[in-house]
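Visitor: how would this look folded up:
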Amino acid sequence: MILFIKLLLAHLLGDFIWQPNSWVADKEVKKHKSVFLYLHIVLHGLLAALLVWKINFIPYAVLIAVTHGIIDLIKLNFQQPKTKRSWFIADQIAHILILIGIVLLYENKGIIYFWQDNEFWILLTGILFVTKPSSIIIKTIISIWSPENENTHADNSLANAGNYIGILERLFVFCFILTGHFEAIGFLLAAKSIFRFGDLKEAKDRKLTEYVLIGTLISFGIAIISGLVVQALILQSF
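Guide: Numbering: from 1, shown residues only. Reported below is the predicted structural model:
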């Protein structure tokens, strides 16, 4: 794990802290002809080698640099102004997966390491469950109620904002349960209530208030139960 943390730190330093906006702009214009692209690649290799500080890791640091350059080149050549966000996310996920692969390769652990790790599968299933599947379950449950003012207020909100907020709040609650910080759930619920109070007050619709309250309680309930179940399963797997 410490090896992955060091490589992740090297990635954060190279991709965000020590990469000026002028480098990014030059790479987007000149692509593979940009000198800063190759400086960026070398920087990632050097950072990985320096932070790990082991001679036998140098070939792996070179591999990190090369794969980082390939991923960046793919992004630079295929991204469009409208797809920059999607390519940025895909780019970062690819880099993280490469780092995980390097760690497994260096530690002589293949992908079978994860396949045989019961804790990994339990945790992964729990995390995925509290995201999109839970959103669909909650939407299905509360679909029998449809306040008249819901559509009016939806026009003034960001697209799918409610869905993303629900996913994030469940992930927070899920993490709080696993780390034993139950009090943080109360603070999160209170914070959401404060931000929601203004909208519900302006709406002056009791049905809408009840609709939001039911959805919130179901969302928190699913996250809490999921966290407790995952916690119990992990303890049993030892």
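Visitor: Gln19: neighbour count?
Guide: Using other CB atoms under 10 Å, Gln19 is surrounded by 17 other residues. For every residue, glycine as well, the C-beta is placed using N, CA and C.
Visitor: In contact with it, which residues?
Guide: His40, Leu43 (CB atoms under 8 Å, 6 or more residues apart in numbering).
Visitor: where does it land in three-state SS?
Guide: For Gln19, the assignment made with DSSP: H, G, I helix; E, B strand; the rest coil gives coil.
Visitor: Could you measure from it over to Gln92?
Guide: Distance from Gln19 to Gln92, counting by CB to CB, to the nearest Å: 13 Å.
Visitor: what's the answer for Ile55, then?
Guide: Per CB to CB, Ile55 is found 29 Å from Gln92.
Visitor: higher neighbour count, the two?
Guide: Just comparing Ile55 and Gln92: by other CB under 10 Å the higher neighbour count belongs to Gln92, 15 against 8.
Visitor: Find the nearest non-adjacent residue to the more buried one, please.
Guide: Using CB to CB, 6 or more residues apart in numbering and skipping the chain neighbours, the partner closest in space to Gln92 is Asp15 (7.8 Å).
Visitor: Which elements pack onto the helix of greatest length in the chain?
Guide: In terms of residue count, the longest helix belonging to the chain (DSSP state H) is helix 206-237. Packing partners of helix 206-237 (3 or more CB pairs under 8 Å, 6 or more residues apart in numbering; DSSP states H and E): helix 118-129, helix 132-142, helix 149-154, helix 161-179, helix 182-203.
Visitor: Low-confidence ranges, this structure, go.
Guide: Where the chain drops to pLDDT under 70, the residues are 110-115, 147-159, 196-206, 238.
Visitor: how about 90 then?
Guide: For the chain, the stretches with pLDDT under 90 are 1, 81, 107-121, 142-163, 189-213, 215, 234-238.
Visitor: Roughly how far does Ala184 sit from Val62?
Guide: Taken as CB to CB, the span from Ala184 to Val62 is 43 Å.
Visitor: quick one: contacts for His32?
Guide: Taking CB under 8 Å, 6+ apart, we find His32 in contact with Leu73, Leu76, Asn77.
Visitor: what comes up buried for stretch 94-103?
Guide: For stretch 94-103, a neighbour-count test (16 or more other CB atoms under 10 Å) marks Ala94, His95, Ile98, Leu99, Ile102, Val103 as buried.
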